[in-house]
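*Asks:* Based on what follows, work out the 3D shape:
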Amino acid sequence: MNQATPRVFIAATRQNDGKTTTSLGLIAALQQYFPRIGYIKPVGQRFVEIEEQKIDEDSVLMNSVYSLNCPLVDMSPIAVEPAFTRKYLQSANNAELVKKIHDSFDRVAWEKDFVLCEGSGHAGVGSVFDLSNAQVAKTLGCKVIIVSQGGIGKPIDEVSLNQALFEKEGVEIIGVIINKVLAEKIPEITQFVRRGLKRKGLDLLGVLPHQQILCNPTVDLIREELHAELLNSPPTLQILVDDVVVGAMGAQNAIPFFKRGVLLITPGDREDILLAAGAMTLPGSLENMAGIVLTGGLRPGATIMKALQTLPIPVLLAKADSYVVASKVHNLTVKTRPADAAKISVIRDLIANHVNVKKIVDAL
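*Replies:* Residues are numbered from 1 along each chain as shown. Now for the predicted structure:
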């Protein structure tokens with residue numbers, strides 16, 4: 001396996017701590033040091049099918065944003081399908097999986113100045129099939145950056161757990177990035193987390209301020225999650241949802257909630273609310289709601305439907321009832337997608353302004 005190309009492994013203390021955000025921003029920041037960068041997510045758990053190949057969503061994102069000129073199938077060599085673990089425990093084939101990762105890394109690293117490797121959760125994720133993040137980092141010869149969420153005691157405790165497993169595998173940790181910190185708490189958290197990590201022999205590489213935009217889903221993401229039908233032809237589905245309102249009150253009481261960025265969830269037969277929402281939605285206005293979700297699989301009458309089809313915001317039809325729809329939207333895991341241009345711009349600035357990239361390069 002290629003041992004010459006510089007590389008780093010991005011791990012986290014938990015899922016959804018910010019590995020992909022960090023990876024996305026770091027590629028842009030590292031390009032000033034390494035013009036040709038490759039990317040690999042050796043073990044992926046969320047994937048899409050492209051030309052009959054299961055490709056991790058994050059690999060698709062990186063390739064779409066940066067046009068990395070790496071074989072897509074090698075950027076995501078192992079996709080953990082629902083039956084993957086059972087099959088492995090019945091007939092372990094670790095050597096075959098490790099070879100697949102090595103071969104994919106070699107192809108991703110071909111003619112590259114640097115390779116960024118992204119993990120799939122905390123250090124122990126994948127242990128059940130002998131490919132924990134710590135083991136993968138070791139087999140690829142990577143040094144590690146750990147990403148954790150804001151706070152003082154909790155992130156240090158969780159980093160310590162992960163540190164133990166990486167050190168068991170003989171993997172060096174470059175440092176830690178703390179993510180999602182309220183702006184007013186950054187000075188205090190930076191001071192005390194740096195002290196706490198230093199006691200563990202670790203460096204603090206950066207503290208990233210919380211950015212609400214990165215937590216807000218687009219209407220298109222919600223449409224996919226709900227498997228909803230689009231009832232009209234709005235200019236875009238990439239509208240960010242800031243808040244959710246369930247239309248279960250009278251129309252007059254609902255009107256004050258029809259504000260910019262609001263997603264209205266209401267049964268499809270609440271024509272009074274739909275008429276009021278339509279009257280408050282104007283072509284070209286920056287104060288329009290983000291969208292409307294009709295629930296219960298209920299289609300409005302022909303007159304209301306015709307009015308909804310002319311609205312400049314997305315109108316979706318979901319089969320589930322309002323409670324289920326609202327719960328799914330509330331619990332939605334928001335992932336950055338290739339079409340999220342505004343989010344990607346924020347992420348690049350976030351890493352460039354708040355992470356000591358030079359320290360990372362020097363550590364390699």
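*Asks:* Please, where are all the helices along the stretch 251-364 of the chain?
*Replies:* All helices of the stretch 251-364 of the chain, identified by DSSP state H, counting those that start in this stretch, fall at 251-254, 271-279, 302-309, 322-330, 341-354, 357-363.
*Asks:* and of these, who's closest to residue 76?
*Replies:* helix 341-354 (19.6 Å; CB to CB). To be clear about C-beta, it is placed using only N, CA and C from the backbone, and glycine gets the same treatment.
*Asks:* Going by neighbour count, which residues in that closest one are buried?
*Replies:* Judged by neighbour count using 16 or more other CB atoms under 10 Å, the buried positions of helix 341-354 are 343-344, 346-348, 350-351, 354.
*Asks:* List the buried residues of the least confident helix or strand in the chain by mean pLDDT.
*Replies:* Ranked by mean pLDDT, DSSP states H and E, the helix or strand of the chain with the weakest confidence is strand 47-50, at a mean of 85. Neighbour counts over strand 47-50 (16+ other CB under 10 Å) mark residue 47 as buried.
*Asks:* mind checking which of the helices of the stretch 251-364 of the chain is nearest residue 260?
*Replies:* That would be helix 271-279 among these, by CB to CB, at 13.3 Å.
*Asks:* and for that closest one, what are the contacting residues?
*Replies:* With CB atoms under 8 Å, 6 or more residues apart in numbering as the test, helix 271-279 has contacts from 247, 250-252, 254-255, 258, 264, 266, 289, 292, 294, 300-301, 304, 307-308, 311.
*Asks:* circling back: put together TSV for the buried residues of helix 341-354, with distance to residue 156 and pLDDT on each row.
*Replies:* As requested, those are exported to TSV (distance: CB to CB, whole Å; pLDDT from 0 to 100):
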residue	distance to residue 156	pLDDT
343	28	96
344	30	97
346	27	97
347	25	98
348	28	97
350	22	97
351	22	98
354	19	98
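*Asks:* Now do the strands in the stretch 201-350 of the chain.
*Replies:* Counting by DSSP state E, counting those that start in this stretch, the stretch 201-350 of the chain has strands at residues 204-209, 229-230, 243-246, 262-267, 291-295, 315-317.
*Asks:* Same list (the ones you listed) but as CSV, adding mean pLDDT, mean neighbour count and distance to residue 87.
*Replies:* Listed next are those as CSV, based on pLDDT from 0 to 100; neighbours: other CB atoms under 10 Å; distance: least, CB to CB, whole Å:
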stretch, mean pLDDT, mean neighbour count, distance to residue 87
strand 204-209, 98, 21, 38
strand 229-230, 98, 14, 36
strand 243-246, 96, 18, 40
strand 262-267, 97, 24, 40
strand 291-295, 98, 27, 38
strand 315-317, 98, 25, 37
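*Asks:* Compare those and give me the one nearest residue 193.
*Replies:* Using CB to CB, the strands of the stretch 201-350 of the chain put strand 204-209 closest to residue 193, at 5.8 Å.
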